[in-house]
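Enquirer: Mind folding the following:
(2 chains)
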There are 2 protein chains.
Amino acid sequence: MTTIHELETPALLLDSARMERNVARMEARARELGVALRPHLKTCKSADVARRIPSALAYGITVSTTREAEYFAAHGFRDQLYAVAVAPHRLARLAALVRDGVRVRLAADSADAVRWIDAAAGREGVVFEVMLEIDSGEHRSGIEPARPELVALARELADGRTTRFAGIYTHAGHSYGAPDVAGIRAIAADERRAVCTARDRLAAAGLAPPIVSVGSTPTATHAATLDGVTELRAGVYVFQDAFQAAIASCTLDDVATTVLATVIGHQRAHGRVLVDAGGLALSKDRSTRALDPARDCGYGLVFDASGREHFTSLRVADVYQEHGVIESRDGSAIDFGRLRLGARVRIVPNHACMTCSAFPAYQVVAGEELAGVWSRIHGWSGS
Amino acid sequence: MTTIHELETPALLLDSARMERNVARMEARARELGVALRPHLKTCKSADVARRIPSALAYGITVSTTREAEYFAAHGFRDQLYAVAVAPHRLARLAALVRDGVRVRLAADSADAVRWIDAAAGREGVVFEVMLEIDSGEHRSGIEPARPELVALARELADGRTTRFAGIYTHAGHSYGAPDVAGIRAIAADERRAVCTARDRLAAAGLAPPIVSVGSTPTATHAATLDGVTELRAGVYVFQDAFQAAIASCTLDDVATTVLATVIGHQRAHGRVLVDAGGLALSKDRSTRALDPARDCGYGLVFDASGREHFTSLRVADVYQEHGVIESRDGSAIDFGRLRLGARVRIVPNHACMTCSAFPAYQVVAGEELAGVWSRIHGWSGS
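Expert: I've put the predicted structure just below:
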């Protein structure tokens, strides 16, 4: 196959030139902020993508599942932060990685987890490096920086014969809900302040954290300063998506991953164009629904097959398992001649992480030319 | 592995006893209604499941992608309805199936599609059997039964040297939005009336459709009569889910597929329990949001690991990629002792089709015992 017109649809397209631009921009951003960049590979789940991220090679990576940890370790990415509170049953698999020389830092935010980790390390004959998670205001997970157990747990890790206190990290996921760039910047300041407060308390107790880590694509993009922070984590920036464009992390011209779909139906009387990318291909992520109606992208924005022309009056208004319903977003009439039956369109999804997960591979494109296929992993078990 | 407690989480559990009960119930329902049952296998995407559905073996199946058509054909399911309007680029792959003796009926609802099918059949040296889709009120796809093109297209198919008119079908997907059982029954009546109107018009023109097909799990469950219909399609019924329970297609005790998750965090001050099943594992389907608040299941309902005890005051209120946030749904305090860190829970998802697609296999269970692994397919390309 040489062009996208020969692909089965729906297909996941990856514009590698855009991706490399996004990657370079965040590398420069981290340098400007004076921090290391530890890209989160839960978005791409692909060694082919990871190999094109300088910081992933030179510094380290972030992962969110044991499967990702094992997969990326097998592909040579051996400095990792597993940024989800660990569960006890995972520790045997993670110990095997440690024994193999992989530096995989575990995450914990409870005394129970610290105890599991310590016990498993003893059983497995390894030393686990552990990061404590800080809650910087989202209240999803982590320890609030002023809580007494923060210092107690760090001390337990530092004093343990089979554990090491590796640092602190936070994720200001509530930046996704900020109303505008000023709001994101304020949350970025909160995020930095939370880890700096935690760091100061720990340092005063003789437990200065080696790593002080923050990040999310919006706060990484808009933070005014990261003084006191040592590393930045972000993942979506590699691909970007309609949500990130809507909240000014990027423009629509930066979005690297899109879904190629074929027009399979017209319902002229009802102002609808049907495509063969539905809820499985696009995901049912509706994150832009939380924004004002002008920025609500439905289930995706519609471009021509080349990706150059944005049909600004359209969006994917509804999805079924294998059907996407394109409707007008502004009441204007649909030009059915531009979306004739059998034609192809590119759809910019709300949320790259969710959409990419539906596909077993990336079709790498330069315009309408196919340049290759990059693999990605799926699921949680296996290796 | 012998019990679910040894599984990596999140894991997709399939209670095969419940599944077989659901299967038997719909087989009996079809007999009672006097129609053939053509199960839709887009929900399970599994030959191991399909082999346990008598009608799939004895009569035929419904599929929604070319990949499903090829996969099930390779596993011996050779009487198929591909119930999504066909796109031109798929016809070469479908012709290969026809040449191989697979009876795969294509779907069309436009003159363009009939022309593509005819041209491709000539090119490929096959005869394509084609069903015309009828719009029974959802206005997603299909031809309204009174439209003149219905008879014209049926005639074109019947007269073509390389096409055969195989019948008509409709899907009353809007039954999912009915307020109650009476509403579903009314939509089931509309669904039947639409195809009967179409059938009568076609018969009057000498084009009596061999197959008259309707179906959705809600209308299949509640239709008062299917007089005039020859076959029934439904898919979700095999597994059922929280949405089907909420609209009275089943009870929660019938739900066969659940997600096993591990408790990885407590945010006691915020009334939250974190589990390691997030948006990727559960999907972001929020179909029960459209119901009244009492029936809104969030992203899923929470049971103990055995599946026997329903924590009726809880639901998965929010999801991130790998985190699910369980909160109280009625303001009552969470019993953190019942959901201790490291414990496991079963989550009943909103929508089985979406949730199952995240997993590469089913862990077949009888209570907490593991009875085997059943495979399923993922994606659109390959074979």
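
Enquirer: Where do the domain boundaries of chain A fall?
Expert: A:34-238, A:250-375 (automatic domain parsing).

Enquirer: Just put those domains in JSON lines and tack on distance to residue B:204.
Expert: For every residue, glycine as well, the C-beta is placed using N, CA and C. Converted to JSON lines, these look like this (distance: least, Cβ to Cβ, whole Å):
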{"stretch": "domain A:34-238", "distance to residue B:204": "56"}
{"stretch": "domain A:250-375", "distance to residue B:204": "24"}
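
Enquirer: Show me what the lengthiest helix in chain A is in contact with.
Expert: Secondary structure of chain A read by DSSP state H shows that its longest helix is helix A:181-204. The contact list for helix A:181-204 (Cβ atoms under 8 Å, 6 or more residues apart in numbering or on different chains) reads A:132, A:134-137, A:143, A:145-146, A:150-151, A:154, A:168-170, A:172, A:174-175, A:178, A:208-209, A:212-216, A:218-219, A:221-229, A:247-248.

Enquirer: Only the buried subset of the residues you listed, as a ChimeraX command please.
Expert: Per 16 or more other Cβ atoms under 10 Å in any protein chain shown, the buried members of those correspond to this ChimeraX selection:
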select /A:132,134,135,136,137,143,145,150,151,154,168,169,170,172,174,175,178,209,212,213,214,215,216,218,219,221,222,223,226,229,247
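
Enquirer: so of the contacts of helix A:181-204, which ones are in strands?
Expert: A:132, A:168, A:169, A:212, A:213, A:214 (DSSP state E).

Enquirer: Flag every residue of the stretch 1-150 of chain A that's near chain B.
Expert: Counting by Cβ under 8 Å from any Cβ of the partner chain, the residues of the stretch 1-150 of chain A close to chain B are A:5-11, A:42, A:64-66, A:84-90, A:109-110, A:112-113, A:116, A:135, A:139-141.

Enquirer: Inside helices: which ones of those residues?
Expert: A:66, A:112, A:113, A:116.

Enquirer: So which of these wins on neighbours?
Expert: Most neighbours among these, by other Cβ atoms under 10 Å in any protein chain shown: residue A:113, with 25 neighbours.

Enquirer: pLDDT at it, what is it?
Expert: Note for residue A:113: predicted pLDDT of 97.

Enquirer: Would you check that it makes contact with residue A:86?
Expert: Yes. With contacts counted by Cβ atoms under 8 Å, residue A:113 reaches residue A:86, the gap being 6.1 Å.

Enquirer: Please identify every residue contacting each of the two.
Expert: In contact with both residue A:113 and residue A:86: residue B:264, using Cβ under 8 Å, 6+ apart.

Enquirer: would you say residue A:325 is within a helix?
Expert: No. Applying DSSP: H, G, I helix; E, B strand; the rest coil, one finds residue A:325 to be strand, outside a helix.

Enquirer: do you know how far it is from chain B?
Expert: 6 Å (Cβ to the nearest Cβ, to the nearest Å).

Enquirer: so that residue bridges to which residues?
Expert: For residue A:325, the beta-bridge partners are residue A:274, residue A:318 (DSSP bridges).

Enquirer: ok, now which ones touch it?
Expert: Residues near residue A:325 by Cβ under 8 Å, 6+ apart: A:272, A:273, A:274, A:316, A:317, A:318, A:319, B:140.

Enquirer: Tell me the pLDDT of it.
Expert: 98.

Enquirer: Likewise for the one 3 residues further on?
Expert: According to the model's per-residue confidence, residue A:328 sits at a pLDDT of 97.

Enquirer: isn't residue A:283 right next to residue A:359, touching?
Expert: No. Residue A:283 is beyond contact range of residue A:359, at 10.7 Å (criterion: Cβ under 8 Å).

Enquirer: more crowded one of the two?
Expert: residue A:283 (29 against 23).

Enquirer: Rebuild the ones in helices among the residues of the stretch 1-150 of chain A next to chain B as JSON lines, extending it with distance to residue B:350.
Expert: JSON lines is the format used below for those (distance: Cβ to Cβ, whole Å):
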{"residue": "A:66", "distance to residue B:350": "26"}
{"residue": "A:112", "distance to residue B:350": "30"}
{"residue": "A:113", "distance to residue B:350": "30"}
{"residue": "A:116", "distance to residue B:350": "32"}
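
Enquirer: Any idea how many residues pack against residue A:375?
Expert: 14.

Enquirer: So, low pLDDT: which residues of chain A?
Expert: For chain A, the stretches flagged by pLDDT under 70 are A:382-383.

Enquirer: And the helices in it?
Expert: A:16-33, A:47-50, A:54-58, A:66-74, A:91-99, A:111-124, A:148-159, A:181-204, A:217-222, A:242-246, A:279-282, A:352-356.

Enquirer: what sits against residue A:323?
Expert: So residue A:323 contacts A:264, A:265, A:274, A:275, A:276, A:278, B:84, B:140, B:141 (Cβ under 8 Å, 6+ apart).

Enquirer: Got phi/psi on it?
Expert: phi -120, psi 130 (degrees, to the nearest 10).

Enquirer: which residues touch the residue of chain A positioned farthest from its centre?
Expert: Relative to the centre of chain A, and counting by Cα atoms, centre = their mean, the farthest-placed residue is residue A:269 at 39.9 Å. Counting by Cβ under 8 Å, 6+ apart, residue A:269 touches residue B:139.

Enquirer: mind redoing it with 10 Å?
Expert: Counting by Cβ atoms under 10 Å, 6 or more residues apart in numbering or on different chains, residue A:269 makes contact with B:135, B:139, B:144, B:147.

Enquirer: now residue A:27
Expert: A:37, A:39, A:53, A:54, A:55, A:58.

Enquirer: quick one: which of the residues you listed is nearest to chain B?
Expert: residue A:39 (14.8 Å; Cβ to the nearest Cβ).

Enquirer: Might one say that the closest one is in contact with residue A:62?
Expert: Yes. Using Cβ atoms under 10 Å, residue A:39 makes contact with residue A:62 at a distance of 6.6 Å.

Enquirer: joint contacts of these two?
Expert: A:56, A:215, A:233, A:234, A:235.

Enquirer: That'll do, ta.
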